[in-house]
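S.K.: Pasting a predicted model and its sequence here:
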Amino acid sequence: MNETIGLNSLLLIGAGSIALVGAARKIKNRAELSLAKHRSLAGHPRIAKRIAAQLPTYSYSAEEAFGLDGAVPSVVAGRQRAFASLVTQFSTRYARSREAGSEVAGGLSDLQFISAYRIPFQFRQLASEGLKIGSFAKASSGVTLTDLDDNVYYDLTGSYGVNLFGNDFYKDCIDQGADAVRSLGPVLGSYHPVVVDNVARLKSTSGMDEVSFHMSGTEAVMQAVRLARYHSKRDKVLRFCGSYHGWWGDVQPGIGNPIRANDTFTLAEMSAATLRVLRNRSDIACVLVNPLQALHPNAPAPGDSSLLDSSRKAGFSRSAYTAWLQDLRKICDDKGIALIFDEVFVGFRLAPGGAQDYFGVRADMVTYGKTLGGGLPVGVLCGKSAWMKRYNDAVPADICFARGTFNAHPYVMGAMNEFLKQLDRPEISQLYDHLDDTWNTRAQALNRRLCEANVPVQVANLSSIWTVLYTQPACYNWLFQHYLRLEGLALSWVGTGRIVFSLNYTQQDFEEVANRFVRAAQNMKRDGWWLSDPLTTNKSIKRRILKEALKARF
């Protein structure tokens, strides 16, 4: 009897010890995750969603909008005149483009979204109509775009990353690709013979064993994550703070995603604490890397809708980011984690072999899109055989399903083939010669000119991808995109946060862009939007906005 009681006691103590050890391990894992999160709201998606849900809508009136920084009455009056002039110029120079937008806006939800988020919401009531930017263009040529009012702009949009070699290049790819597949036409299910060459070229370019075709970069990333989970038998996905990997739920937690991504970790990039999490956990299937983040680690895509102060930061160090990727590669090898490079945006822009070649680090899987389609929609996943297989030979029903009606569409495959073949042409290869030196030198030259002009603007770049930084605390930086447009420089809907040059910009083209860029900054300063006041700081601007939000909320 006593022996039985003693044995039960030992079992209880043992079970309790095991439970205690398990609880301690969970607490340790939770603490390590917390320490590996970036301190910004972007690093805490759930908290960001809660705060966003409480953020009230409020607007600045015409009386208060022009003196938010405590400007004296004469400066406020000058700003009012300048704003009225901007409205007049926009209404006359872009009349047809704006009219086309107004006609379709009520039925085109995409246009409603980008129109609403070009500028900070506090200024939307004041500026959204008067400074409405046309979303229609009718022609492209060289490095320029032409709108419906026959205004010609230098194209700095990059077509969301598609435009690597110039719009005329992609027109040719589409035309020649269509000619190559026209005899088959839009027949789906069967492959056009051009796919054979595409697969061979993609395997060679990516250094991977196998290829999977999709219709968008988002789909390619979805398949990469699904395969990583399938082969690793793990659920967790690790992405980095601020990074974008498409709009589907598991890789876009936080604001913008109506569901909770329970199996996604959002951790700080270039962080020793993040590496510790990777070393110590055994439930992580894959690590997603978007090389674009090297320009602004741990910060989301810098849209002008967030330009209520001048705290935007960016800066690229090739050596530092290379060292970070090397650390990730080693840990992923040690832990059996799939390292996925999401090169949908930067693919082929940094080097002919993409970011893998540029940084000298090989991934397990790599996704491409945008420019690879030769001007048509596409997503591609390339990977090592061990990660790409979608079925289990020993278990017939054990599969990893992914298909799509338009995968390997003949016309897309034709345009892609033209793009891939063009990469071998000497005139295209020459564009990569001294690529970093070319674009770094151009960025440095523009920064010198901006300093000489005594305007509080600088640029930072990752090769031909640039972002605009504001060096003096101010709350009207969002207006700069409108001054740039008046000078004939076309930006994407995110504004000055992302400028994407095509590689066919000649030095003469760039000099003209630089002239217009500097002139726009000088005009904005002349109109009094950048007030030099030691009492105005980024911190004081944020405090004012917090007070405004609390007042509107409560």
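M.R.: Received the coordinates, thanks.

S.K.: Please make it C-alpha for all contacts and neighbour counts, starting now.
M.R.: Fine.

S.K.: what does the strand or helix carrying F169 contact?
M.R.: Using DSSP states H and E, F169 falls within helix 167-181. For helix 167-181, the surrounding residues in contact (CA atoms under 8 Å, 6 or more residues apart in numbering) are 140-143, 163, 192, 374-376, 410-419.

S.K.: Check stretch 439-457 too.
M.R.: The contact list for stretch 439-457, computed with CA under 8 Å, 6+ apart, reads 458-461, 463-464, 468-472, 510, 514, 518, 521-522, 525, 530.

S.K.: CA atoms only for it, dumped as PDB, please.
M.R.: Output in PDB follows, covering the C-alpha atoms of stretch 439-457 (Å, rounded to 0.1, in the frame of the first residue of the first chain):
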ATOM      1  CA  TRP A 439      23.100  54.500 -60.300                       C
ATOM      2  CA  ASN A 440      25.000  55.300 -57.100                       C
ATOM      3  CA  THR A 441      26.900  58.000 -59.000                       C
ATOM      4  CA  ARG A 442      23.600  59.400 -60.300                       C
ATOM      5  CA  ALA A 443      22.000  59.400 -56.800                       C
ATOM      6  CA  GLN A 444      25.100  61.100 -55.300                       C
ATOM      7  CA  ALA A 445      25.100  63.700 -58.100                       C
ATOM      8  CA  LEU A 446      21.400  64.500 -57.400                       C
ATOM      9  CA  ASN A 447      22.000  64.800 -53.700                       C
ATOM     10  CA  ARG A 448      24.800  67.200 -54.200                       C
ATOM     11  CA  ARG A 449      22.600  69.400 -56.400                       C
ATOM     12  CA  LEU A 450      19.800  69.300 -53.800                       C
ATOM     13  CA  CYS A 451      22.300  70.400 -51.100                       C
ATOM     14  CA  GLU A 452      23.600  73.200 -53.300                       C
ATOM     15  CA  ALA A 453      20.000  74.300 -53.900                       C
ATOM     16  CA  ASN A 454      19.500  74.400 -50.100                       C
ATOM     17  CA  VAL A 455      16.300  72.300 -50.100                       C
ATOM     18  CA  PRO A 456      15.500  69.700 -47.400                       C
ATOM     19  CA  VAL A 457      15.400  66.700 -49.800                       C
END
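
S.K.: Report the distance from it to the chain centre.
M.R.: 24 Å (CA atoms, centre = their mean, to the nearest Å).

S.K.: What residues of that stretch count as buried?
M.R.: Within stretch 439-457, the residues that count as buried by 16 or more other CA atoms under 10 Å are 439-440, 442-443, 446-447, 449-450, 455-457.

S.K.: And for stretch 282-298?
M.R.: Buried residues in stretch 282-298 (16+ other CA under 10 Å): 283-298.

S.K.: circling back: among the contacts of stretch 439-457, name the buried ones.
M.R.: Applying 16+ other CA under 10 Å to the contacts of stretch 439-457 flags 458-461, 463-464, 468-470, 472, 510, 514, 518, 521-522, 525, 530 as buried.

S.K.: ok, back up a step: out of the buried residues of stretch 282-298, which two sit at the greatest distance?
M.R.: Farthest apart among the buried residues of stretch 282-298 by CA to CA are D283 and L295. That separation is 29.6 Å.

S.K.: Next step: the contacts of stretch 439-457 restricted to helices.
M.R.: Under the assignment DSSP state H, those contribute 510, 514, 518, 521-522, 525 to helices.

S.K.: okay if I get those residues as a markdown table plus distance to D357?
M.R.: Formatted as a markdown table, the ones in helices among the contacts of stretch 439-457 follow (distance: CA to CA, whole Å):
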| residue | distance to D357 |
| --- | --- |
| F510 | 27 |
| A514 | 30 |
| V518 | 35 |
| A521 | 37 |
| Q522 | 40 |
| K525 | 42 |
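
S.K.: Can you list the residue ranges for helices in the stretch 401-550 of the chain?
M.R.: Along the stretch 401-550 of the chain, the segments classed as helices by DSSP state H, counting those that start in this stretch run 410-422, 426-429, 435-452, 480-486, 507-526, 538-553.

S.K.: out of these, deepest packed?
M.R.: Stretch with highest mean neighbour count among the helices of the stretch 401-550 of the chain: helix 410-422 (a mean of 24; mean count of other CA atoms under 10 Å).

S.K.: Could you tell me how far that one lies from the centre of the chain?
M.R.: Computed by CA atoms, centre = their mean, the chain-centroid distance of helix 410-422 equals 25 Å.

S.K.: Give the rounded mean pLDDT of it.
M.R.: When pLDDT is averaged along helix 410-422, the result is 97.

S.K.: elements contacting it?
M.R.: Here helix 410-422 touches helix 167-181, helix 194-206, going by 3 or more CA pairs under 8 Å, 6 or more residues apart in numbering; DSSP states H and E.

S.K.: measure A294 to A301 for me?
M.R.: Relative to A301, A294 is positioned 12 Å away (CA to CA, to the nearest Å).

S.K.: Also V199?
M.R.: Using CA to CA, one obtains 32 Å as the distance from V199 to A301.

S.K.: Touching, A220 and C382? I think so.
M.R.: No. Using CA atoms under 8 Å, A220 is not in contact with C382, being 9.2 Å away.

S.K.: intersection of neighbour lists for those two?
M.R.: Counting by CA under 8 Å, 6+ apart, the residues touching both A220 and C382 are T367.

S.K.: TSV please, covering the helices of the stretch 401-550 of the chain and showing distance to G249.
M.R.: Converted to TSV, the helices of the stretch 401-550 of the chain look like this (distance: least, CA to CA, whole Å):
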stretch	distance to G249
helix 410-422	27
helix 426-429	38
helix 435-452	35
helix 480-486	31
helix 507-526	38
helix 538-553	29
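
S.K.: Nearest to M215 among those would be which one?
M.R.: Of the helices of the stretch 401-550 of the chain, the one closest to M215 (CA to CA) turns out to be helix 410-422, at 9.0 Å.

S.K.: I'd like to check the angle between that closest one and helix 167-181, please.
M.R.: With axes from the mean of the first three to the mean of the last three CA atoms, to 10 degrees defining the directions, helix 410-422 sits at 120 degrees from helix 167-181.

S.K.: From the rest of the structure, what touches helix 410-422?
M.R.: Residues outside helix 410-422 that contact it (CA under 8 Å, 6+ apart) are 170, 173-178, 180-182, 184-188, 191-192, 194-195, 197-198, 201, 372-378, 428.

S.K.: Please list only the buried members of those residues.
M.R.: 170, 173-174, 176-178, 180-181, 192, 194-195, 198, 372-378.

S.K.: Helix or strand next in line after the helix or strand bottoming out on mean pLDDT in the chain, which one?
M.R.: Lowest by mean pLDDT, DSSP states H and E among the helices and strands of the chain is helix 2-35, with a mean of 73. For helix 2-35, the following helix or strand on the C-terminal side (DSSP H and E) is helix 45-54.

S.K.: roughly how far is that next one from the heart of the chain?
M.R.: Computed by CA atoms, centre = their mean, the chain-centroid distance of helix 45-54 equals 21 Å.

S.K.: residue boundaries of the strands in the stretch 251-400 of the chain?
M.R.: Under the criterion DSSP state E, counting those that start in this stretch, the stretch 251-400 of the chain contains strands at 264-267, 284-289, 338-342, 365-369, 379-383, 391-392, 395-399.

S.K.: Point out the other helices and strands that the fourth one packs with.
M.R.: The elements that strand 365-369 packs onto, with contact taken as 3+ CA pairs under 8 Å, 6+ apart, are helix 217-232, strand 338-342, strand 379-383.

S.K.: Adjacent strands (with direction) for that strand?
M.R.: Strands that pair with strand 365-369, judged by DSSP bridges, come out as strand 338-342 (parallel), strand 379-383 (antiparallel).

S.K.: Could you check the angle that strand makes with strand 284-289?
M.R.: 40 degrees.

S.K.: list the buried ones in strand 365-369?
M.R.: Residues of strand 365-369 classed as buried under the neighbour-count rule (16+ other CA under 10 Å) are 365-369.

S.K.: ok, those vs A62, which is closest?
M.R.: Taking CA to CA as the measure, A62 sits nearest to G369 out of the buried residues of strand 365-369, at 44.0 Å.

S.K.: contacting residues around the closest residue to T274 other than its chain neighbours?
M.R.: Excluding the flanking residues, the one nearest T274 by CA to CA, 6 or more residues apart in numbering is A36, at 4.8 Å. By CA under 8 Å, 6+ apart, A36 lies in contact with 267-268, 271-274, 277.
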